[in-house]
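Participant: below are the sequence and a predicted model; questions follow.
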Amino acid sequence: MPDTGRFHLIIEESEATWHIRAAGELDLGVVGRVENALDCAFRGATSRRIAFDLRRVTFLDAAGLGTILRANERARAAAFELVLVRPLGRANRVFTLTRAGQELNLVDARGAMELTPAN
């Protein structure tokens with residue numbers, strides 16, 4: 001059985017977008033890594049768009065949600081477009097239950113296709 005709790009983070013830059021892909025449990029134990037990745041995207045971006053793909057996130061706690069909300073505020077203040085690809089299953093419920101999804105630019109998996117870099 002695969003270790004679904006293990007967290008992975010992949011960061012890529014294309015011409016138009018910084019792509020941050022997360023997998024596993026986005027919780028207090030890993031938010032520092034996510035915040036560092038977001039800092040790199042905000043500081044080093046040649047584009048003004050960040051796509052944060054949460055499709056493979058299996059768990060999202062308050063610390064993870066707080067990191068996402070702070071990134072959203074930072075993006076607005078710096079005139080960046082932050083697009084979040086909605087997680088599946090239980091992790092997605094956090095956005096519904098807290099109504100945080102109303103504050104964020106969330107797209108589903110189909111909307112993510114236009115954000116994916118051409119390789």
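Facilitator: Arrived safely, thanks for sending. Just so it is clear, the model here is predicted, and its values are computed rather than measured.
Participant: centroid residue for the chain?
Facilitator: The centroid of the chain falls nearest to F52 when counting by C-alpha atoms, centre = their mean (3.0 Å).
Participant: so what's the backbone phi/psi at that residue?
Facilitator: Backbone geometry at F52, expressed as degrees, to the nearest 10, gives phi -110, psi 100.
Participant: again, but for the one 4 residues further on
Facilitator: Dihedral angles phi and psi of R56 (degrees, to the nearest 10) take the values phi -100, psi 10.
Participant: so it touches A23, yeah?
Facilitator: Yes. Using C-beta atoms under 8 Å, R56 is in contact with A23, at 3.6 Å. No exception for glycine: its C-beta is placed from N, CA and C like everyone else's.
Participant: so what sits against both of these two?
Facilitator: Residues touching both R56 and A23 by C-beta atoms under 8 Å, 6 or more residues apart in numbering: H8.
Participant: how close does G32 sit to T67?
Facilitator: 9 Å (C-beta to C-beta, to the nearest Å).
Participant: neighbour-wise, which of those two wins?
Facilitator: Taking other C-beta atoms under 10 Å, G32 and T67 do not tie; T67 has more neighbours (21 against 11).
Participant: any idea of the pLDDT on the closest residue to the more buried one other than its chain neighbours?
Facilitator: Spatial nearest neighbour of T67, excluding adjacent residues (C-beta to C-beta, 6 or more residues apart in numbering): V31 at 4.7 Å. Looking at V31, its pLDDT is 97.
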